[in-house]
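1. next one to model:
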Amino acid sequence: MTANEDQEMELEALRSIYEGDECFKELGPAAFQYRVGEHGDPKAFLMDISWPESYPETAPTISMNAFFNNSISPAIKQNILDKLLEQVEANIGTSMTYTLFEYAKDNQEQLMEDHQPYVNNVTLIGNDSIAITDVSSSKKKDKKEQLTKSQKRKLADKTDNKGELPRGWNWVDVIKVLFVVLIECVLQFMTSIPKLFVNLLGSSFSFPYSGTYSIFQHAGYDNTKLNHLRHEAYSNTI
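-> I've put the predicted structure just below:
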């Protein structure tokens, strides 16, 4: 008899034996589940058995990973699997699914003797969604914004030995801006009075009033700009 024929016969036997048994569930033609214990029993658990193609000549696959077993510690699950594997070794080569289910039923108290409620990080959301709580996420700290070396150097130049900015640290920049604005206003006023502007700068390309020229230089007006303004003002006087 081939393995497939053995499986077909065992499948028919399981359906006949567990017909009407709410604890038994056929997940597929070669996969089955059985609940050991009633609903509400703190020591109840689910076991899954599936057949490889070569079963029963090879061992079936036994699993305790059902969500129903979420409150059972990994150590208890492993102990149950170890006991069931002992039964598998003793029955290798024969149909054993019924034997394994019945062994678990008969030895439920012994298998779950050391069971204590186990808190898992997996929680149920709604009817059929599972969420896994990330415990490590609560330990994560917000990273502070890192300054570049140039930003740190600029900040150090502006601060004192206590790391504080000195009083009036930005006044120089404000004064520079006000000075440029003032010179612009003076230039606009002088160009509106051509004769006064020509007398101040001179009608030639030289600048007799070096003090006046120095002021315009600080405002950003070089020889080219001043010559242009002078010629424009001079032409207006003609």
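
2. for residue 103, give me its contacts.
-> 83, 84, 87 (C-beta atoms under 8 Å, 6 or more residues apart in numbering). Placement of C-beta: from N, CA and C, glycine included.

3. show me what contacts residue 43?
-> Each residue near residue 43 by C-beta under 8 Å, 6+ apart is listed here: 37, 108, 109, 112, 115.

4. looking at the residues you listed, which are in helices?
-> If you go by DSSP state H, these have 108, 109 in helices.

5. drop anything exposed from the contacts of residue 43.
-> 37, 108, 112, 115 (16 or more other C-beta atoms under 10 Å).

6. same list (those) but as TSV, adding pLDDT and distance to residue 52.
-> Formatted as TSV, the buried ones among the contacts of residue 43 follow (pLDDT from 0 to 100; distance: C-beta to C-beta, whole Å):
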residue	pLDDT	distance to residue 52
37	93	28
108	94	27
112	93	28
115	85	30
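
7. so how do I select the buried members of the contacts of residue 103 in PyMOL?
-> The PyMOL command for the buried members of those (criterion: 16+ other C-beta under 10 Å) is given here:
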select buried, resi 84+87
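
8. make JSON lines out of the contacts of residue 103 and add distance to residue 76.
-> Below are those laid out as JSON lines (distance: C-beta to C-beta, whole Å):
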{"residue": "83", "distance to residue 76": "11"}
{"residue": "84", "distance to residue 76": "13"}
{"residue": "87", "distance to residue 76": "17"}
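
9. which one of the contacts of residue 103 sits closest to residue 33?
-> residue 84 (13.9 Å; C-beta to C-beta).

10. show me the shaky parts of this structure.
-> Within the chain, the segments meeting pLDDT under 70 span 1-3, 119-145, 155-174, 189-223, 225-227, 229-238.

11. all helices for it, in order.
-> Secondary structure of the chain (DSSP H): helices at 3-17, 74-91, 97-106, 108-111, 149-158, 171-191, 194-201, 210-218, 223-237.

12. which secondary structure elements does the shortest one contact?
-> Looking back up the chat, that one is helix 108-111. Under the contact criterion of 3 or more C-beta pairs under 8 Å, 6 or more residues apart in numbering; DSSP states H and E, helix 108-111 touches helix 74-91.

13. now the angle from the helix it packs on to helix 97-106?
-> Interaxial angle of helix 74-91 relative to helix 97-106 (axes from the mean of the first three to the mean of the last three C-alpha atoms, to 10 degrees): 140 degrees.

14. what helices or strands is helix 74-91 leaning on?
-> Using 3+ C-beta pairs under 8 Å, 6+ apart: helix 74-91 touches strand 45-50, strand 61-63, helix 97-106, helix 108-111.

15. report the buried residues of the second one.
-> Right, the one you point to is strand 61-63. Residues of strand 61-63 classed as buried by neighbour count (16+ other C-beta under 10 Å): residue 62.

16. likewise the third one?
-> For helix 97-106, a neighbour-count test (16+ other C-beta under 10 Å) marks 97, 100, 101, 103, 104 as buried.
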